[in-house]
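Asker: Build me a model from this:
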Amino acid sequence: MTTDPIADLLTRIRNASRAKHSRVDLPSSKLKVEVARILKEEGYVTNYKVVEEKGHKTLRVFLRYTPDRQPIITDLKRVSRPGSRRYVAKKGIRQVVGGMGIAILSTPRGLMTGQSARKAGLGGELMCEVW
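Answerer: Okay, here's the model as predicted:
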């Protein structure tokens, strides 16, 4: 049992990407599936699926690489942690790496990217940044 499952998800993806693995498996939860959905929609991962293994649900994330096997994900950064939450208003949502990355926010309408939260006029907890 980890105290910060989102940090665990980001660390596993970061490590697997740097080791050039084709996929990474981790314990599943609704929040992790939503983060994987956003990463797929934004083009950072190829696909994801939830599989049942030995009575436990596992989230399987398929990583994406350039044709010369360089990872699409340069880095992932956890911003709001359990010990130090970080909330932003809609005007406080900044661009990540000059617009080349995304911010993932937990809003009252669910998880969404910083750009879509800005368009919807919502703020929320700044979960992580991906570039």
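Asker: Could you pick out the longest helix of this protein?
Answerer: Counting residues, the longest helix in the chain under DSSP state H turns out to be helix 5-18.
Asker: in that helix, what counts as buried?
Answerer: For helix 5-18, the neighbour count (16 or more other Cβ atoms under 10 Å) marks Pro5, Ile6, Ala7, Leu9, Leu10, Arg12, Ile13, Arg14, Ala16, Ser17 as buried. (Glycine included, C-beta is placed from N, CA and C.)
Asker: Quick check: the gap between the last one and Ala89.
Answerer: In this view, Ser17 and Ala89 are 32 Å apart by Cβ to Cβ, to the nearest Å.
Asker: same thing with the first one?
Answerer: As for Pro5, its distance to Ala89 is 26 Å (criterion: Cβ to Cβ).
Asker: What of Gly99?
Answerer: From Gly99 to Ala89 the distance is 20 Å (Cβ to Cβ).
Asker: Please save the CA atoms from the longest helix of the chain in PDB.
Answerer: Extracted C-alpha coordinates of helix 5-18, given in PDB (Å, rounded to 0.1, in the frame of the first residue of the first chain):
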ATOM      1  CA  PRO A   5      -0.700   6.200  -5.700                       C
ATOM      2  CA  ILE A   6      -0.300   9.000  -8.300                       C
ATOM      3  CA  ALA A   7       3.400   9.500  -7.500                       C
ATOM      4  CA  ASP A   8       3.800   5.700  -7.800                       C
ATOM      5  CA  LEU A   9       2.100   5.700 -11.200                       C
ATOM      6  CA  LEU A  10       4.300   8.600 -12.500                       C
ATOM      7  CA  THR A  11       7.400   6.900 -11.200                       C
ATOM      8  CA  ARG A  12       6.600   3.600 -12.800                       C
ATOM      9  CA  ILE A  13       5.900   5.200 -16.100                       C
ATOM     10  CA  ARG A  14       9.100   7.300 -15.900                       C
ATOM     11  CA  ASN A  15      11.200   4.300 -15.000                       C
ATOM     12  CA  ALA A  16       9.700   2.100 -17.700                       C
ATOM     13  CA  SER A  17      10.100   4.800 -20.300                       C
ATOM     14  CA  ARG A  18      13.700   5.400 -19.500                       C
END
